[in-house]
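1. Need a 3D model of the sequence below.
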Amino acid sequence: MYGKKIRLSRLIDPRYGRGVIIPYAHGLLQGPIPGLGDINEINKYMDIFKRSRATGIIISCGYLKYIADYFLGRGVPSLIFVIDWINMTKAYGGEVPYNEVRTGICTSIEEAVKYGADGVMTYLTLGFKDPQLEVDEIKKNSIVIKECEKVGLPVIMEPVVANFKNRDIFFNEEYLKINNRIAAEIGADIIKSQYSGDTESFSRIVKNCAAPIMIAGGPKSGTIEETLKMVRDAVTAGAAGTIVGRKIFQSENVKDTLEKVCRVVYE
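-> Sure thing, here's the model as predicted:
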């Protein structure tokens, strides 16, 4: 248990009880997108991330060999692997050809430890038309939790709704409250959650979940000021920080935006 405690303290800084984790594995889920184009662009932003106050960076296992140097040394963000592939963001011609989420484990826990990860991230999909698919998701994530317990590796879990095209459900208090709680009951160490839209409802979501909740960035829309307000309100409501990606690395000034997010979370 000491191993997990030590690794968790790298993801959520005990001085603040909060952290800033940058999800940067969108290439695995969406292919080349702005901010994650060629390797030169990736190196440019990884250098910014390395020198920032972020506590962790989520990447795919396969891309570590191209960017491993950014995780070397003291005082750099922790390495986190997304080990679960999901189809909800993979689009062709701007259209996602699926109506329901499907996921699948693509990296072993043994491999994550061998490569030096301080944590892994998975998806928990709930609300399928076929109840057996929901059962399979619970089984999948329960196995991940047990395997990570054996080696002291923290698990970040992101609950998602199977019918992902119904965007309103993503931010619904009842859905977030139930799904986040289920993730915590399975054994997730950190919950990546959408923000419900106001401090009152989100404080209820946080209160009903013993595991620390870090907010996702949501859809790539809105201004930087709106993003910072969302982060500030979420932290005020009890969030343990952020797991925001595109709103940082697709902003006009990545370094400045990231530092502003860190300032809100920590200060």
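2. low-scoring stretches of the protein, by residue?
-> Within the chain, the ranges that satisfy pLDDT under 70 run 219-221.
3. What is the neighbour count of the spatially closest residue to residue 247 that is not a sequence neighbour?
-> In space, and not counting its chain neighbours, residue 247 is closest to residue 217: 4.3 Å by Cβ to Cβ, 6 or more residues apart in numbering. Just so you know, the C-beta spots here come from the backbone N, C-alpha and C atoms, and that holds for glycine as well. Neighbours of residue 217 under the rule other Cβ atoms under 10 Å: 22.
4. The chain should start at 23 in everything you say after this.
-> Renumbered: residue one is now 23, and that last one reads residue 239.
5. from memory residue 239 sits against residue 264, does it?
-> Yes. The pair residue 239 / residue 264 is scored as a contact, 7.5 Å apart, by Cβ atoms under 8 Å.
6. what about residue 185, distance to residue 143?
-> 22 Å (Cβ to Cβ, to the nearest Å).
7. Residue 199 should be in a strand, yeah?
-> No. If the criterion is DSSP: H, G, I helix; E, B strand; the rest coil, then residue 199 is helix and not within a strand.
8. which residues are in contact with stretch 256-265?
-> The contact list for stretch 256-265 (Cβ atoms under 8 Å, 6 or more residues apart in numbering) reads 34, 39-45, 77, 80, 178, 212, 214, 217, 221-222, 224-225, 228-229, 234-239, 253, 283, 286-287.
9. what helices or strands is the biggest helix by length in the chain leaning on?
-> The single longest helix within the chain, with elements called by DSSP state H, is helix 153-173. Helix 153-173 sits against helix 24-33, strand 125-127, helix 131-136, strand 141-148, strand 177-183, helix 195-208, with contacts defined as 3 or more Cβ pairs under 8 Å, 6 or more residues apart in numbering; DSSP states H and E.
10. Turn these into a markdown table, including mean neighbour count and distance to residue 164.
-> As requested, those are exported to a markdown table (neighbours: other Cβ atoms under 10 Å; distance: least, Cβ to Cβ, whole Å):
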| stretch | mean neighbour count | distance to residue 164 |
| --- | --- | --- |
| helix 24-33 | 16 | 17 |
| strand 125-127 | 15 | 12 |
| helix 131-136 | 16 | 13 |
| strand 141-148 | 24 | 10 |
| strand 177-183 | 25 | 11 |
| helix 195-208 | 20 | 6 |
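11. Quick one: closest of the ones you listed to residue 60.
-> Distance to residue 60, taken as Cβ to Cβ, is lowest for strand 141-148 among those, at 24.4 Å.
12. Now do that closest one and strand 177-183, the angle between them.
-> 20 degrees (axes from the mean of the first three to the mean of the last three Cα atoms, to 10 degrees).
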